[in-house]
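> Turn this into a structure:
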Amino acid sequence: MFTPRSTSRLSWSLLAIVLTLSLGGPVNAQLIQIRGNDRVISNGDTTPSGGDHTNFGQVLAGSGPVDREFIIRNLSSAPLQIRFFQRTGQHPGNFTVIDPPDLTIPGNGDSSMTIRFLPSAAGGLRTATIRIVSTSFVDGDFRFDVAGELVLPSPNIVISGNGVEIPDGFFSPIVDNNTDFETLGLDDNPLTRTFTISNTGEQDLRISSVDVVGINSDQFSISRNPDTFIGPDSESTFDVTFDPTREGAHRVTVHINSNDPTPTERIYSFSLRGTGQSLSPRIVLSGNGIDITPGDETPGPEDHTRFPDTDLLSASTRTFTVRNSGNGPLLIDTVELLGPHAAGFTVAQTPATPLEPEGVSSLQVTFRPTVQGPWIATLRITSNDPAQPVYEVDLEGIGGRFKLLGIEQDDDDALISFSTNSSAGTYIYRIFHSTDMEEWEPVGSILSNGRETLQFRHRNSTGSAKAFWYVEELRFE
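Predicted coordinates for the structure are as follows:
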């Protein structure tokens, strides 16, 4: 048995079904979709974007119109009716539909429409709302915002260094664009880098000032300013000089003030970096490949500080090496020989100066005794090495116990005359020949009982100016 209440519920349910079918409900409902640049635009979108063509971008004020095409799709099988268009918002006069879509879009079909942005003579942002009313069951009242910016002719500032553009706000200095000055010694000459200001706009660019700011601004300076006015498609340069007075990394910001209308570029800024370093040279003296300690008072043959026994009026030369093991230029002030026997030694070749870091140069000293016996002198080198401004080492040599009397030329032979030991005994005198007083070659020997003058014939001798002889005495007990 049915109650009136149950009958009422059934009647309303049947009525709802009938109404739904008669009004074209969800089964046959039209569905609208709008796309720009092949991207779906949401109903009620208030954020115009270049990605879906709702933002027309920057357009020069007073220039020609800009058109964008949009597609209206019917996602249902029933025909979709476009009832009317409307432009509302702040600047509807800057936008118009010049190529409207079909008023009836068949099921699963689409139709295009073109919206035109009409630039006016005044600059600024222009916005509007496009309204499309249709028979769509969902989004029948479809609205989305469009925008376009009108740009007045203006200057546009661009900064570059070493031909590489430096973006506004650049804060990671690199060598490629001149913003990283790298490491500079406190005693080095200042380092200057050049930067270029380009005006890529349509009006004159006016540079109000170029400044270096920051806690290390005393380490950098604007050493040459750019032109005050830079015409369209023109450029001007300015110089920044890095002259560190203290060690460490120094970072600053360059500000270029101009009439560029872009808010972020009215003060165009980028960072610079440079490191100050105290560069110090260090002198190292070596002989025969062995470093000689400063103040060495024990000459030895292994490091060439002890010269070979040298005949009277003959000479022996030793070559030393001066090396700069520091990180700054080494300046050699003086090279001198001191001591009671300094006259027996002479500096035959001084080292080069200045000597760059890791640079090497030769120093030659010649020993030429005039009397028999030991000769001792001190080699002193003064330089700008802050740790060792005076570098001293002792030198020693022995003057021969016999006297070289003379050298004569006999055709291709050389005749070497010398006096022997004044004491009776058995001696062997070995004769050595050299062309550089560094390398000595034995060329013969003579037996003697002493107290006589001997003559040795060096056969096929060149007799040139680079021919030297040395006589060594050995005594048999």
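
> rest of the way, CA atoms for contacts and neighbours
OK.

> How many neighbouring residues does residue 439 have?
With neighbours defined by other C-alpha atoms under 10 Å, the count for residue 439 comes to 11.

> on contacts alone, who are the packing partners of the strand ranked longest in the chain?
Looking across the chain with DSSP state E, the single longest strand is strand 390-410. The contact analysis (3 or more C-alpha pairs under 8 Å, 6 or more residues apart in numbering; DSSP states H and E) places strand 390-410 against strand 310-312, strand 373-383, strand 413-419.

> quick one: strands adjacent to the second one?
Strand 373-383 has the following sheet partners, assigned by DSSP bridges: strand 332-338 (antiparallel), strand 390-410 (antiparallel).

> Could you export the ones you listed as TSV, including distance to residue 421 and mean pLDDT?
Output for the strands paired with strand 373-383, formatted as TSV (distance: least, C-alpha to C-alpha, whole Å; pLDDT from 0 to 100):
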stretch	distance to residue 421	mean pLDDT
strand 332-338	31	96
strand 390-410	6	83
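
> related to what we said a few turns ago, which stretch among the helices and strands packed on strand 390-410 comes nearest residue 389?
Distances from residue 389 to each of the helices and strands packed on strand 390-410 were compared using C-alpha to C-alpha; the minimum, 5.2 Å, belongs to strand 373-383.

> in that closest one, what's buried?
Buried positions in strand 373-383, judged by neighbour count with 16 or more other C-alpha atoms under 10 Å: 375, 376, 377, 378, 379, 380, 381, 382, 383.

> now that strand, how far from the chain's geometric center?
46 Å (C-alpha atoms, centre = their mean, to the nearest Å).

> what do you get for stretch 333-351?
Taking C-alpha atoms, centre = their mean, the mean C-alpha location of stretch 333-351 is offset from the chain mean by 45 Å.

> For that stretch, C-alpha coordinates in CSV please.
These are the backbone C-alpha positions of stretch 333-351, laid out as CSV (Å, rounded to 0.1, in the frame of the first residue of the first chain):
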residue,chain,number,x,y,z
ASP,A,333,121.1,45.5,-6.1
THR,A,334,124.8,44.6,-5.8
VAL,A,335,127.1,41.6,-6.2
GLU,A,336,130.5,42.1,-4.5
LEU,A,337,133.4,40.3,-3.0
LEU,A,338,134.7,41.2,0.4
GLY,A,339,137.5,40.1,2.8
PRO,A,340,141.3,40.1,2.9
HIS,A,341,141.7,38.1,-0.3
ALA,A,342,138.9,39.6,-2.3
ALA,A,343,141.3,40.9,-4.9
GLY,A,344,141.9,37.3,-6.0
PHE,A,345,138.3,36.9,-7.0
THR,A,346,136.3,38.8,-9.5
VAL,A,347,132.6,38.7,-10.6
ALA,A,348,132.8,37.7,-14.3
GLN,A,349,129.0,37.7,-14.9
THR,A,350,126.3,39.2,-12.8
PRO,A,351,122.7,37.7,-12.7
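
> contact partners of that stretch?
322, 332, 361-370, 375-384 (C-alpha atoms under 8 Å, 6 or more residues apart in numbering).

> again, 7 Å this time
Applying C-alpha atoms under 7 Å, 6 or more residues apart in numbering, the external contacts of stretch 333-351 come out as 322, 361-369, 375-383.

> What helices and strands are in contact with the helix or strand hosting residue 364?
Per DSSP states H and E: residue 364 is located in strand 360-367. With contacts defined as 3 or more C-alpha pairs under 7 Å, 6 or more residues apart in numbering; DSSP states H and E, strand 360-367 has these neighbours: strand 316-324, strand 345-349.

> And that strand, how far out from the chain middle?
That offset, for strand 360-367, works out to 39 Å (C-alpha atoms, centre = their mean).

> tell me which residues in it are buried?
By neighbour count, and taking 16+ other C-alpha under 10 Å as the criterion, the buried residues in strand 360-367 are 360, 361, 362, 363, 365, 366, 367.

> Which neighbours in the sheet does it have, and how are they oriented?
For strand 360-367, the paired strands and their directions (DSSP bridges) read strand 316-324 (antiparallel), strand 345-349 (antiparallel).

> what about dumping the CA coordinates of the longest one to PDB?
Okay, so that is strand 316-324. Output for strand 316-324, consisting of C-alpha atoms alone and laid out as PDB, is shown next (Å, rounded to 0.1, in the frame of the first residue of the first chain):
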ATOM      1  CA  SER A 316     139.600  29.200 -12.500                       C
ATOM      2  CA  THR A 317     135.900  30.100 -13.000                       C
ATOM      3  CA  ARG A 318     132.900  28.700 -11.200                       C
ATOM      4  CA  THR A 319     129.300  29.300 -12.300                       C
ATOM      5  CA  PHE A 320     126.500  29.700  -9.700                       C
ATOM      6  CA  THR A 321     122.800  30.000 -10.200                       C
ATOM      7  CA  VAL A 322     120.500  32.600  -8.700                       C
ATOM      8  CA  ARG A 323     116.900  31.500  -8.400                       C
ATOM      9  CA  ASN A 324     113.800  33.500  -7.400                       C
END
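
> which outside residues touch that strand?
281-287, 304, 310, 330, 351, 355-368, 437-438.

> That one - what's its average pLDDT?
Strand 316-324 shows a mean pLDDT of 95.

> for stretch 353-362, same thing?
94.

> same thing with stretch 117-133?
90.

> Same question for stretch 142-162.
Averaged over stretch 142-162, pLDDT sits at 93.

> Just the endpoints, please. Distance across it?
The first and last residues of stretch 142-162 sit 53 Å apart, counting by C-alpha to C-alpha, to the nearest Å.

> And stretch 311-325, by the same measure?
End-to-end distance of stretch 311-325: 37 Å, with C-alpha to C-alpha as the criterion.

> Equivalent analysis for stretch 37-54, please.
Distance between the boundary residues of stretch 37-54 (C-alpha to C-alpha) amounts to 9 Å.

> What are the buried residues along it?
When neighbours are counted by 16+ other C-alpha under 10 Å, the buried residues of stretch 37-54 are found to be 41, 43, 46, 48, 49, 52, 53, 54.

> Skip the chain neighbours and tell me the closest residue to the fifth one.
If the residues on either side of it in the chain are set aside, residue 49 comes closest to residue 55, at 4.7 Å by C-alpha to C-alpha, 6 or more residues apart in numbering.

> Could you do the third one as well?
Nearest in space to residue 46, with sequence neighbours left out and distances taken as C-alpha to C-alpha, 6+ apart, is residue 145 at 5.1 Å.

> I'd like to know how many residues surround the one you found.
Burial of residue 145, expressed as a neighbour count using other C-alpha under 10 Å, amounts to 22.

> What are the contacting residues of the host helix or strand of it?
Element membership for residue 145 (DSSP H and E) is strand 141-151. With contacts defined as C-alpha under 7 Å, 6+ apart, strand 141-151 is touched by 43-48, 54-61, 119, 123-134.

> Same check on stretch 43-56?
Taking contacts as C-alpha under 7 Å, 6+ apart, the residues outside stretch 43-56 that touch it are 36-37, 39, 57, 68, 139, 142-148.
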